[in-house]
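In: the following block contains a protein sequence and its predicted model.
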Amino acid sequence: MEVDMNHQAYVGTYRAAMDAATGELDGLFEEAKRLRNRMEQIDSAISALKVLVGNGTEDSLAGARAQEANSDLAPVKQQFDAALGMAFA
């Protein structure tokens, strides 16, 4: 009987601790989700930059600029613009 009374005395404390821990876990989950989304945005920007820049030589950069007018690169440019916009939001 004495054990039950001691347990009952701490139920509120246990519940408050559990609620606080659950709240912290929810916050960590949301932060992890936000960081995953940010990582995807950065990966998209990097991919778009790699396409635009090529391997970094002058010729590939000039070629990338020339190809930008092609409709093949229009979706990539849109993806880059969107990713860049999100990166600075």
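Out: Sure thing, it's come through. Not measured: the values here are computed from a predicted model.
In: how about the helices of this structure, start to end?
Out: Assigned by DSSP state H, the helices in the chain fall at 2-53, 58-67, 74-87.
In: among the ones you listed, show the one with the smallest mean pLDDT.
Out: Here the lowest mean pLDDT among the helices of the chain goes to helix 58-67, at a mean of 57.
In: so how many other residues sit close to residue 54?
Out: 15 (other Cβ atoms under 10 Å). The C-beta positions use only the backbone N, C-alpha and C, and glycine is treated the same way.
In: ignore the last one, residue 49
Out: Based on other Cβ under 10 Å, the number of other residues close to residue 49 is 13.
In: check residue 45 too.
Out: Neighbour count for residue 45, taken as other Cβ under 10 Å: 19.
In: please report the distance of it from residue 34.
Out: Remark: distance between residue 45 and residue 34 (Cβ to Cβ, to the nearest Å) = 17 Å.
In: cool, and residue 43?
Out: Distance, residue 43 to residue 34, using Cβ to Cβ: 15 Å.
In: can I get stretch 22-41 in PDB? Just the C-alpha atoms.
Out: C-alpha atoms of stretch 22-41 as PDB (Å, rounded to 0.1, in the frame of the first residue of the first chain):
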ATOM      1  CA  THR A  22       8.200  14.200 -25.900                       C
ATOM      2  CA  GLY A  23       8.200  17.900 -26.600                       C
ATOM      3  CA  GLU A  24      12.000  18.000 -27.000                       C
ATOM      4  CA  LEU A  25      11.900  14.900 -29.200                       C
ATOM      5  CA  ASP A  26       9.200  16.600 -31.400                       C
ATOM      6  CA  GLY A  27      11.400  19.700 -31.700                       C
ATOM      7  CA  LEU A  28      14.400  17.600 -32.600                       C
ATOM      8  CA  PHE A  29      12.400  15.700 -35.200                       C
ATOM      9  CA  GLU A  30      11.200  19.000 -36.800                       C
ATOM     10  CA  GLU A  31      14.800  20.400 -36.800                       C
ATOM     11  CA  ALA A  32      16.100  17.200 -38.500                       C
ATOM     12  CA  LYS A  33      13.300  17.500 -41.100                       C
ATOM     13  CA  ARG A  34      14.200  21.200 -41.700                       C
ATOM     14  CA  LEU A  35      17.900  20.300 -42.100                       C
ATOM     15  CA  ARG A  36      17.100  17.400 -44.500                       C
ATOM     16  CA  ASN A  37      15.000  19.800 -46.600                       C
ATOM     17  CA  ARG A  38      17.800  22.400 -46.600                       C
ATOM     18  CA  MET A  39      20.300  19.700 -47.600                       C
ATOM     19  CA  GLU A  40      18.100  18.800 -50.500                       C
ATOM     20  CA  GLN A  41      18.000  22.400 -51.600                       C
END
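In: brilliant, that's me finished.
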